[in-house]
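Visitor: structure for the following, please:
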Amino acid sequence: SSVQKVVKCEMKTWSAVVKKNINVNQTQQANVTKKTMKQVLKSANEEERRSRNVMVYGVAEDLMTYSTEEERKSVAEGLSEPLVLEDVAQHICEVVGAELPLMDQHTAVYRIGKDQEAGKMRPVRIEFPNADLARLFLGNAPKLKKSDIYSKVYVA
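Guide: Numbering: from 1, shown residues only. Next comes the predicted model:
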């Protein structure tokens, strides 16, 4: 009978420990699941954001090299504004033949990196509103090689 009491007491203690461990494990699993879901969502968002970006290499720092002689004269006389990066990006899109709503509020065009010494060209990042437009641009990018102005510009 004393053995039975000891066994019964040990069983209660053991069952309490098991129940406690089960509750702790369920809580940890819930936390792991939350963390995992956050990581998965963050990764998916990052992948989607990056899929909208296109890198353009070989665009000269002096954008006036892409303007016509008439445009240069007009700028020199103060009749028009000099080219900006967005103008060159829009022109590249026209050369590529992709009708892109490039300069809307959801598209960004900017150079990557610090200003370089003379002769060095920083890459240009174009962030499109969605991945389909970026894929369309990339699909038509080989047309740049046929262009006189942008034959040394390549896209990735």
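Visitor: for burial, what's the neighbour tally of residue 137?
Guide: 21 (other C-beta atoms under 10 Å). C-beta: built from backbone N, CA, C; applies to glycine.
Visitor: for the helix or strand hosting residue 88, buried residues please.
Guide: Here residue 88 sits within helix 85-96, counting by DSSP states H and E. For helix 85-96, the neighbour count (16 or more other C-beta atoms under 10 Å) marks 87-93, 95-96 as buried.
Visitor: list the contacts of it.
Guide: Contact with helix 85-96 is made by 56, 59, 63, 66, 99-100, 102-103, 109-111, 124, 126, 137, 140-141, 143-144, 147, 149-150, 153, as judged by C-beta atoms under 8 Å, 6 or more residues apart in numbering.
Visitor: just the buried ones from those?
Guide: Here, 16+ other C-beta under 10 Å leaves 56, 59, 66, 100, 102, 109, 111, 124, 126, 137, 140-141, 144, 150, 153 buried among the contacts of helix 85-96.
Visitor: let's see which of the residues you listed end up in strands.
Guide: Counted as lying in strands by DSSP state E, out of the buried ones among the contacts of helix 85-96, are 56, 109, 111, 124, 126.
Visitor: and the furthest pair within those?
Guide: Spatially, the most separated pair among those is 111 and 126, at 10.9 Å (C-beta to C-beta).
Visitor: how about low-confidence regions in this structure?
Guide: Low-confidence segments of the chain, defined by pLDDT under 70: 1, 24-32, 64, 98-106, 118-119.
Visitor: center of it, which residue is that?
Guide: residue 50 (2.5 Å; C-alpha atoms, centre = their mean).
Visitor: that residue should be in a helix, yeah?
Guide: Yes - per DSSP: H, G, I helix; E, B strand; the rest coil, residue 50 lies within a helix segment.
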